[in-house]
Structure formats: structure tokens, C-alpha cells
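Asks: quick one, fold the following:
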Amino acid sequence: MKLVRVLMVAAVTAAFSVSAVAEIQSLRGSTDLAADANTIEKHKQMKVKGGIERSFQQQPPMIPHSVEKDKITLKGNTCMKCHSEENHEKEKAPAIGDSHYLDRDGNKLDKLSSRRWFCDQCHAPQADAQPLVQNDF
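Replies: Take a look at the predicted model:
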């Protein structure tokens with residue numbers, strides 16, 4: 001009797017697993033995972049004059065230009081060429097926000113906080129690409 005129960009549970013579990021897998025669909029569709037994903041063509045990268053509207057309060061500003069040639073390493077950050085306090089007016093670029101000059105305790109620093117050094121952790125570049133899924137946000 002126990003063997004019959006075990007077999008029934010195994011059969012039901014297997015049937016459920018197969019039906020659940022059939023309903024799941026990847027955003028890649030039928031594209032093989034080993035195949036390279038489509039890349040956005042360079043001419044489709046946005047260059048938005050005046051910036052991109054924020055979706056919510058306190059959202060980090062989006063990057064309205066190509067960052068393909070920009071590099072951020074422990075020793076250098078090419079974003080600073082245009083967005084530093086010294087260069088932003090000459091480059092006609094927004095200055096780095098005051099919050100980027102605070103340490104974790106809220107103390108004002110003379111230079112950019114090391115916690116804010118890697119700009120692309122929060123600020124993302126945009127591209128003129130169709131969304132993968134519908135979004136009503």
C-alpha cells in the first residue's frame with residue numbers, strides 16, 4: 001500500500017512539474033542560451049538634450065548620452081571629466097549632487113565619497129529600445 005502511495009505522489013509531482021515548466025517562458029524566447037544576445041546598435045543610443053524625466057522622487061538621474069568609451073576603475077573615473085565641480089560649467093554638464101560629498105555619517109567631504117565613485121551603480125544609460133515586458137510603472 002505504501003508503494004502505491006509513493007508511486008501516485010511521484011506521478012502527480014512529475015505531471016505538475018511538466019505542466020509548470022510548459023507555462024514558463026524566457027524573455028529570450030526560443031533563442032538558445034549559448035547564442036549571443038542582440039546588442040543595441042550605436043545609432044539607437046539616446047542622446048537626450050536636457051536629460052530624461054525621473055520616474056519617482058529621489059531616483060538617480062538617467063544618463064542621456066553614450067557611455068561606451070567611459071571607464072570607471074579604482075584609479076580613474078572618466079565621468080569626472082565633465083561632471084566634477086571644476087569642469088561641469090565649462091562642459092555644460094550637470095554637477096555631481098551634494099549628497100555625493102557626504103560620508104556614511106553625513107559629514108561633508110572635500111572630495112567625492114568613495115561610496116559614490118562607481119557612477120553606473122545608480123546612474124544607467126538609456127537606449128531607444130523596445131521594453132522586454134509590458135510595464136505600467
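
Asks: outside of stretch 112-127 itself, list whatever touches it.
Replies: Applying C-beta atoms under 8 Å, 6 or more residues apart in numbering, the contact partners of stretch 112-127 are 40, 44-46, 48, 52, 60-67, 72, 77, 79-80, 96, 99-104. Where C-beta positions appear, they are placed from N, C-alpha and C, glycine not excepted.

Asks: any idea how far the most centrally placed residue in the chain is from residue 130?
Replies: The centroid of the chain falls nearest to residue 124 when counting by C-alpha atoms, centre = their mean (5.6 Å). For residue 124, the distance to residue 130 equals 17 Å [C-beta to C-beta, to the nearest Å].

Asks: equivalent analysis for residue 9, please.
Replies: According to C-beta to C-beta, residue 9 stands 44 Å off from residue 130.

Asks: who's more crowded, the two?
Replies: Counted by other C-beta atoms under 10 Å, residue 9 and residue 130 do not tie: residue 9 has more neighbours, with 10 against 4.

Asks: quick check on the more buried one: phi, psi?
Replies: The phi/psi pair for residue 9 (degrees, to the nearest 10) reads phi -60, psi -40.

Asks: confidence score at it?
Replies: Here the pLDDT value assigned to residue 9 is 73.

Asks: so which bits of stretch 106-122 are buried?
Replies: For stretch 106-122, a neighbour-count test (16 or more other C-beta atoms under 10 Å) marks 112-113, 116-117, 119 as buried.
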